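Asks: Just to be clear, the model below is a prediction. Sequence and coordinates:
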Amino acid sequence: MNKYIVIACTFFSLNAVSEELCVNLNAGHGGRDSGFMHNSIMESQFVLEVAQQLEPLLEAQGIEVNNVRKTDDYISLNERVDIVSNDPGCMLINLHAEPGSEGVYYKGDENRDFAKRIKDSLSVYIEEPLAFKEKAYRELYGKKAVYINLPLGDSSSPKGMAGALYKSVLQAI
C-alpha cells in the first residue's frame, strides 16, 4: 500500500535565493492526532522528520526557517493559521503523508507558473507522473499556495523527501 507525502508550499513573489527569504515549515498532525500509519511509521513523525531535515538545507542557503511544530505536540489548524499569519511575507510549506494522488496543486492564477516549475523539477525525482491542477484549501485563503503530493513508498526516507523538496524549491525560485 502506498502513502503519499503532501507538501503544501505558500510562496510570495520570489526572484532569487539571495533575497532575504523566510519559510514557515508546518509539519502536519502531532500529539493526539498521529495521522495515518504506514508500516509502523506514523504520519506525524515522518513529516516532523522531513521538516527537521529540510530546515538546515534551507538555512544553509541563507533562508530563515521557522518550524511551526518542532516536537510531537498537537497544534490545532486555527493555531497553525494564526502562527503563519503573523509573518505573511514568509513562504509556508505544509507537510503531510496521507493516501492521495501524487501531483502538484495550486491556488489562483498567480501561483500557476510557480507550481508548474515545482512540478517540473519534482518530476526529475519522482518516477510516477504528477497531476497538475488548481485546488482551494481552507487554511490558506488569502495566501499564494502550492500543494505537492509525493508518493511515499517503502524505500522513502525523510532525508530523501527533504532533499527532493529542497532541490525543487530552489530550482523553482
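Replies: Nice, I can see it.
Asks: Show me which residues of stretch 55-63 are buried.
Replies: Using 16 or more other Cβ atoms under 10 Å as the test for burial, stretch 55-63 gives 55, 57, 58, 63. C-beta: built from backbone N, CA, C; applies to glycine.
Asks: And the third one, how close does it get to residue 156?
Replies: Spelled out, it's residue 58. When distance is defined by Cβ to Cβ, to the nearest Å, residue 58 is 20 Å away from residue 156.
Asks: With the first one instead?
Replies: Residue 55 sits 19 Å away from residue 156 when distances are taken as Cβ to Cβ.
Asks: Can you show me the helices along this structure?
Replies: 43-59, 77-85, 112-125, 158-172 (DSSP state H).
Asks: Now do the last one: distance to the chain's middle.
Replies: Chain-centre distance of helix 158-172: 10 Å, with Cα atoms, centre = their mean, to the nearest Å.
Asks: what comes up buried for it?
Replies: By 16+ other Cβ under 10 Å, the buried positions in helix 158-172 come out as 158, 161, 162, 163, 164, 165, 166, 168, 169, 172.
Asks: ok and that helix relative to helix 112-125, angle-wise?
Replies: 140 degrees (axes from the mean of the first three to the mean of the last three Cα atoms, to 10 degrees).
Asks: CA atoms only: put helix 158-172 into PDB for me.
Replies: This file holds the C-alpha atoms of helix 158-172, laid out as PDB (Å, rounded to 0.1, in the frame of the first residue of the first chain):
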ATOM      1  CA  PRO A 158      12.600  11.800   5.500                       C
ATOM      2  CA  LYS A 159      16.000  12.800   4.400                       C
ATOM      3  CA  GLY A 160      15.300  11.800   0.700                       C
ATOM      4  CA  MET A 161      12.000  13.600   0.700                       C
ATOM      5  CA  ALA A 162      13.500  16.700   2.300                       C
ATOM      6  CA  GLY A 163      16.300  16.600  -0.300                       C
ATOM      7  CA  ALA A 164      13.900  16.400  -3.300                       C
ATOM      8  CA  LEU A 165      11.800  19.200  -1.900                       C
ATOM      9  CA  TYR A 166      14.800  21.400  -1.200                       C
ATOM     10  CA  LYS A 167      16.200  21.000  -4.700                       C
ATOM     11  CA  SER A 168      12.800  21.500  -6.300                       C
ATOM     12  CA  VAL A 169      12.000  24.700  -4.300                       C
ATOM     13  CA  LEU A 170      15.400  26.200  -5.000                       C
ATOM     14  CA  GLN A 171      15.100  25.500  -8.700                       C
ATOM     15  CA  ALA A 172      11.600  27.000  -8.800                       C
END
